[in-house]
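# Quick one, what's the 3D model for this:
(one chain, ligands or ions: 1)
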Amino acid sequence: MPHTTNKITIMYLFFCVAFPFLCFSQSKTINYGWQYSENKTHWQTVNIPHTWNAKDAFDDEAGYRRGLGFYEKQIFVSSKEKEQIFYLKFNAVNQEATVYVNGKKITNHKGGYTAFNVEITSFLKFDAYNLIEVEVDNSHNVDIPPLDADFTFYGGIYRDVELIKVPKQHFSLKDFASDGFYVNYYNVSNEKAGVKVKVLIDNFEDKTNTHLELKIFDADGNLIREEHQGLKLKAYETKTVEVTFSEIKNPKLWSPDNPYLYKLQLTLSDKNGTVLDQKQSNLGFRWTTVDAEKGFFLNGKPIKLIGVNRHQDYKNYGNAVPIELQKGDIHLIKSMGANVIRFAHYPHSRELYKLCDELGILVWTEIPIVNKVTDSETFFEVSHTMQNEHIKQYYNYPSVVMFGYMNEIFLRLAFDRKSTEEEKESLKTITLKLANQLENLTRRLAPNHITVMACHLNEVYNETGIADLPMLLGWNLYFGWYDAQIEDLGKFLDQQHQRYPKRSMLLSEYGPGADVRIFAKTPKKFDFSTNYQAKLHQSYYKQITDRPFMTGMTAWNFADFGSEFRGDAIPHVNQKGLVQYDRTPKDIYYWYKSVLDEDAPFIHISTDNLKGLTLFEEEAFPVQIYSNQNEVNVSLNGNNLGSFKVENGVVSIDMPFKNGNNSIAVSTESISGEKTIKVNRIEAFDFKNFKRFGINLGAHFNFYDEAQNITFVPDQEYKKEWFGYKNGSAFGMTKDKNQGLPHNIKNTDAEPLFQTLLEGCAEYQLDVPEGSYNVKLYFVEPQIKSTENIYNLSEQSSESNKIERIFDVYINDTLIEKQLNLAQAYPEKYGVTLQANIQTKKGLTLKLNAIEGLPVISGILIEKID
Ligand code: GCB
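Residues are numbered from 1 along each chain as shown. Modelled structure (predicted):
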């Protein structure tokens with residue numbers, strides 16, 4: 001493939017150097033040196049991509065700035081270019097943009113995830129600087145989707161801005177900012193494949209004659225087909241031309257295993273043969289079908305779709321992410337062995353779809369109509385325009401096989417406790433109406449693609465019939481997280497299949513939150529441990545691969561992503577990623593690689609995140625080893641533990657680690673690997689081989705706190721000679737939820753320490769030996785005034801407005817704090833640390849003497865100072 005690109009580029013460059021006057025159409029990015037202001041008073045220089053929410057969507061203050069942002073840039077235009085037509089292309093501005101040139105308003109565009117073009121020729125001054133102004137608005141707007149969703153709506157001009165200069169005849173720039181041509185295929189099979197191209201040409205002057213040439217090259221750059229047409233253009237028309245190539249015999253088919261690409265080149269010349277405009281596209285011969293019984297077929301062969309959803313934002317960048325970083329995602333996804341990406345919940349950068357063509361990844365792409373719709377003419381209109389832009393701009397990528405238009409569109413309705421039954425019925429009707437319109441539009445615009453929609457666990461999708469509209473129905477299912485248990489997934493899918501045997505289904509989302517700082521020997525639902533993440537994904541994979549009727553599954557999400565209102569273990573971030581927000585893989589990423597990637601032998605020992613693992617007495621810890629080989633041989637510290645059969649990509653071994661550094665060596669017939677892990681083995685609570693000891697009160701999991709470089713161990717009931725609570729219970733924990741306080745805690749990054757707490761504990765005992773100790777106690781008031789976390793669907797409300805909790809804190813006989821009233825003395829959800837030096841002959845007894853209500857405490861850290 002690179003060959004083709006090279007040859008064509010070389011040819012083109014040759015033309016440009018030899019006959020510079022021939023290179024007429026030109027597009028250049030104008031990303032650098034924009035002036036930006038929030039209020040038109042204080043300006044700063046910024047570069048595109050830019051967002052104004054990269055920081056404030058992650059700070060301790062609730063909310064982020066949703067409002068106006070003003071951008072300005074001067075561009076110089078020479079009178080030598082007077083004969084040209086000028087356009088500005090905005091590849092994405094979130095979410096509403098009003099563009100002015102030299103003070104005149106030229107256009108307004110609604111929708112933050114698709115490109116738009118603005119023709120500016122008649123507004124320009126030549127041999128002078130021209131002022132481009134863009135007023136951007138990301139305020140909530142009832143007429144622009146998405147209205148509400150589990151991701152942050154960063155404001156700004158966050159994809160490239162281009163200045164396009166074209167001669168008076170050129171490939172159309174007016175058709176919803178598409179490339180001005182659409183590639184269609186006919187009769188594609190193993191034996192032959194046909195290509196038909198619909199080309200739109202704009203003429204900006206009186207009638208004239210032009211010449212259109214279309215060429216197809218194979219991946220080695222050999223010309224294999226060409227078509228020529230003389231075109232008579234009427235004055236100021238947009239002409240549509242259909243060009244059909246004769247069938248190519250024995251075409252090389254495109255697939256994830258062999259993403260063979262042909263190239264299409266389109267050249268428009270004037271009557272003297274001078275090149276006016278040139279475009280290119282990937283061509284990939286493939287055909288897809290879905291079968292409600294047998295699943296997904298590519299080129300006539302069954303293929304289980306296994307992959308990920310992706311959001312576009314990235315740690316510290318918001319949505320303004322350099323394209324090379326974004327491309328890194330696609331490479332990581334491919335290298336994991338995935339064969340499908342759902343670009344959720346909106347169209348992503350076009351470069352990424354091109355990369356999917358090249359790497360061989362099937363694509364589901366969609367527009368951001370999420371959670372609810374507005375019953376307004378403008379909302380309908382904007383939705384239609386968006387889907388037009390989306391399909392037309394992304395039409396030519398052979399990787400794109402699925403076009404979608406709605407996600408969990410009844411989510412708000414399902415949780416609506418205010419509207420009357422009538423209002424709800426009318427909302428269902430209006431939603432169904434829009435869905436019908438968009439389904440029809442999608443089928444009309446993209447007849448060779450599969451239409452899709454994703455819904456959440458609710459009968460309303462079946463009841464209203466909306467689930468029967470798309471050709472392939474996506475279910476977003478969170479069994480074992482928001483709903484029921486992990487094993488319930490299969491049962492639900494079997495029932496649906498039985499009830500709707502003609503419906504093709506894909507598991508379009510699933511996955512638990514996971515934080516690499518949290519690990520647990522007994523992982524539980526909603527504890528954010530990486531161990532629970534492993535358990536859920538491994539089980540889901542089996543449940544889906546066991547069911548031939550399921551077309552596949554796309555994990556939620558490839559990477560952690562920003563969702564401002566969330567109170568996950570890292571607040572403001574949805575942590576369901578297979579990789580972290582900065583794209584460092586979590587262990588589960590490697591597990592997927594072990595079941596999906598057959599290219600080369602692979603092993604992964606998942607100990608990287610067991611930082612500060614503490615084991616007591618004879619305790620062992622289960623370590624998972626991932627491999628795509630059948631069997632692994634494992635040694636610990638030079639002792640062979642034996643050979644283990646790898647099932648479902650994993651072997652789990654209880655490791656009897658020693659104190660200090662341990663080495664795990666794994667080998668297979670073809671590959672071997674080794675990891676070192678440092679373990680604190682504590683045989684007695686004597687502070688001999690350790691100086692510091694931290695306990696995560698009210699929690700069953702370990703939490704590694706980077707700032708203090710300590711791992712807080714799980715809490716326990718008091719055990720003689722050791723430590724533990726004598727009374728009280730874990731706050732807010734239920735069978736379904738093991739994150740006591742699902743909120744951002746101010747004044748700390750150690751949320752997992754504060755979010756779990758012990759309530760009603762009057763006495764906590766630590767049987768430490770004689771000595772001097774520095775003791776830190778961590779507190780937060782768990783009762784809060786108001787909250788809503790719609791995605792925490794299993795959450796029981798634990799809030800009330802009346803907060804009465806006052807207690808004295810003692811260690812042994814030393815008073816640490818009198819009448820601690822967290823609600824009164826500190827801001828809401830504020831992490832508080834009390835510290836004291838205590839000398840003891842034997843033991844530390846922490847006493848929380850209640851004056852009013854039940855005392856609470858989140859953690860203890862003790863350090864022996866002599
Ligand atoms: C969903 C939504 C997605 C959320 C996800 C979650 O079903 O489609 O936007 O981010 O759940 O993590 O709750």
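# Quick check: nearest residue in space to the residue nearest the centre of the chain, chain neighbours excluded?
By C-alpha atoms, centre = their mean, the chain has its centre lying nearest to H311, at 2.7 Å. Using C-beta to C-beta, 6 or more residues apart in numbering and skipping residues adjacent in sequence, the residue nearest H311 is F561, 3.9 Å away. For glycine as for every other residue, the C-beta is placed from the backbone atoms N, C-alpha and C.
# Spell out which parts of the stretch 1-150 of the chain neighbour the ligand.
Counting by C-beta under 6 Å from any ligand atom, the stretch 1-150 of the chain comes close to the ligand at 149-150.
# Next, count neighbours for the residue nearest to H311.
By other C-beta atoms under 10 Å, the residues close to F561 number 26.
# Now do it against D150, distance only.
As judged by C-beta to C-beta, to the nearest Å, F561 and D150 stand 9 Å apart.
# Now for these two: what residues contact both?
N574 (C-beta atoms under 8 Å, 6 or more residues apart in numbering).
# So E422 lies in a helix, does it not?
Yes: looking at E422 with DSSP: H, G, I helix; E, B strand; the rest coil, it is inside a helix.
# That one: neighbouring residues, count only.
8.
# any idea how far it lies from T429?
According to C-beta to C-beta, E422 stands 11 Å off from T429.
# Whichever residue of the stretch 1-150 of the chain sits closest to the ligand in helix, strand or coil?
Using C-beta to the nearest ligand atom, the single residue of the stretch 1-150 of the chain nearest to the ligand is D150, 3.5 Å away. Recorded secondary structure, D150: coil (three-state DSSP).
# quick one, phi psi at it?
Main-chain torsions, D150, degrees, to the nearest 10: phi -90, psi 50.
# any idea of the pLDDT on it?
In this prediction, D150 carries a pLDDT score of 98.
# pretty sure it contacts Q575?
No: look at D150 against Q575 with C-beta atoms under 8 Å: they stay out of range, at 11.9 Å.
# Which one of these two is surrounded by more residues?
Neighbour totals were compared for D150 and Q575, and Q575 leads with 26 against 23 (other C-beta under 10 Å).
# ok, now which ones touch the more buried one?
With C-beta under 8 Å, 6+ apart, Q575 has these contacts: 513-515, 528, 560, 568-569.
# Go through those and say which is closest to A600.
Nearest to A600 among those is A514, at 26.5 Å by C-beta to C-beta.
# Figure out the helix or strand that the nearest residue to that closest one once chain neighbours are set aside lives in.
Nearest in space to A514, with sequence neighbours left out and distances taken as C-beta to C-beta, 6+ apart, is Q533 at 3.6 Å. Q533 belongs to helix 530-545 when assigned by DSSP states H and E.
# Can you give the contact residues for that helix?
Helix 530-545 is touched from outside by 304, 306, 480-481, 486-487, 489-490, 493, 507, 510-516, 518-521, 523-525, 550, 552-553, 555, 586-588, 591-592, 595, 606, 609, 624, 648-650, with contacts defined as C-beta under 8 Å, 6+ apart.
# What about the ligand: which of those touch it?
Answer for the contacts of helix 530-545 near the ligand: none qualify (C-beta under 6 Å from any ligand atom).
# Now a ChimeraX select for only the buried ones of the residues you listed.
The ChimeraX command for the buried members of these (criterion: 16 or more other C-beta atoms under 10 Å) is given here:
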select :304,306,480,481,486,489,490,493,507,510,511,512,513,514,515,516,518,519,520,521,523,524,525,550,552,553,555,586,587,588,591,592,595,606,609,624,649,650
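# ok, back up a step: distance check, the residue nearest to A514 against N628.
20 Å.
# On the pLDDT front, check E72 for me.
For E72, pLDDT reads 98.
# and it, how many neighbours?
The tally of other residues near E72 (other C-beta under 10 Å) stands at 15.
# Tell me which residues touch it, please.
Neighbouring residues of E72 by C-beta under 8 Å, 6+ apart: 34-36, 43, 131-134.
# Assign V308 to helix, strand or coil.
Assigned with three-state DSSP, V308 falls in the strand class.
# Could you do P752 as well?
Counting by three-state DSSP, the backbone at P752 sits in helix.
# Go through stretch 181-201 and flag the buried ones.
181-185, 188, 193-195, 197, 199-201.
# Go through those and name the one nearest the ligand.
Among these, Y182 lies closest to the ligand (C-beta to the nearest ligand atom), at 30.1 Å.
# Just to check, that closest one is in contact with K196?
No: assessed by C-beta under 8 Å, Y182 is found out of contact with K196, at 9.0 Å.
# Return the alpha-carbon coordinates of stretch 226-238 using PDB.
Provided in PDB are the C-alpha atoms of stretch 226-238 (Å, rounded to 0.1, in the frame of the first residue of the first chain):
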ATOM      1  CA  GLU A 226      -8.900   4.200 -16.200                       C
ATOM      2  CA  GLU A 227     -11.900   6.100 -17.400                       C
ATOM      3  CA  HIS A 228     -12.000   9.500 -19.200                       C
ATOM      4  CA  GLN A 229     -14.900  11.800 -19.800                       C
ATOM      5  CA  GLY A 230     -15.200  15.200 -21.500                       C
ATOM      6  CA  LEU A 231     -17.600  17.300 -19.500                       C
ATOM      7  CA  LYS A 232     -19.600  20.300 -20.600                       C
ATOM      8  CA  LEU A 233     -20.400  22.300 -17.500                       C
ATOM      9  CA  LYS A 234     -23.300  24.700 -17.500                       C
ATOM     10  CA  ALA A 235     -22.800  28.200 -15.900                       C
ATOM     11  CA  TYR A 236     -22.600  28.000 -12.100                       C
ATOM     12  CA  GLU A 237     -23.900  24.500 -11.900                       C
ATOM     13  CA  THR A 238     -22.900  21.500  -9.700                       C
END
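# and G33, how many neighbours?
G33 has 11 neighbours, counted by other C-beta under 10 Å.
# mind listing what it touches?
Counting by C-beta under 8 Å, 6+ apart, G33 makes contact with 45, 47, 73.
# Please identify which helix or strand holds the first one.
In other words, T45. Using DSSP H and E, T45 sits within strand 44-46.
# Give me the helices and strands touching that strand, please.
Judged by 3 or more C-beta pairs under 8 Å, 6 or more residues apart in numbering; DSSP states H and E, strand 44-46 is in contact with strand 34-37.
# Just the buried positions in the strand it packs on, please.
Residues of strand 34-37 classed as buried by neighbour count (16+ other C-beta under 10 Å): 34, 36-37.
# SS state for E863?
With three-state DSSP as the criterion, E863 reads strand.
# Which residues does it form beta bridges with?
Beta-bridge pairing of E863 under DSSP bridges involves R692, N774.
# Also N184?
Counting by DSSP bridges, N184 is bridged to K196.
# my guess is A320 meets D160, correct?
No: contact between A320 and D160 fails when scored by C-beta under 8 Å: they sit 11.0 Å apart.
# what is in contact with the two at once?
48-49.
# Need the mean per-residue confidence for the helix or strand where T551 lies.
If you go by DSSP H and E, T551 is part of strand 550-555. Strand 550-555 shows a mean pLDDT of 98.
# go on, stretch 820-835?
In this model, stretch 820-835 carries a mean pLDDT of 96.
# what distance separates it from the centre of its chain?
In terms of C-alpha atoms, centre = their mean, to the nearest Å, the centre of stretch 820-835 is found 35 Å from the chain centre.
# And that stretch, what's buried?
Buried positions in stretch 820-835, judged by neighbour count with 16+ other C-beta under 10 Å: 820-823, 826, 828-832.
# Output these in JSON lines, with distance to I450 and secondary structure appended to each entry.
Output for the buried residues of stretch 820-835, formatted as JSON lines (distance: C-beta to C-beta, whole Å; DSSP: H, G, I helix; E, B strand; the rest coil):
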{"residue": "L820", "distance to I450": "60", "secondary structure": "strand"}
{"residue": "N821", "distance to I450": "60", "secondary structure": "coil"}
{"residue": "L822", "distance to I450": "54", "secondary structure": "helix"}
{"residue": "A823", "distance to I450": "54", "secondary structure": "helix"}
{"residue": "Y826", "distance to I450": "54", "secondary structure": "coil"}
{"residue": "E828", "distance to I450": "48", "secondary structure": "coil"}
{"residue": "K829", "distance to I450": "45", "secondary structure": "coil"}
{"residue": "Y830", "distance to I450": "50", "secondary structure": "strand"}
{"residue": "G831", "distance to I450": "49", "secondary structure": "coil"}
{"residue": "V832", "distance to I450": "54", "secondary structure": "strand"}
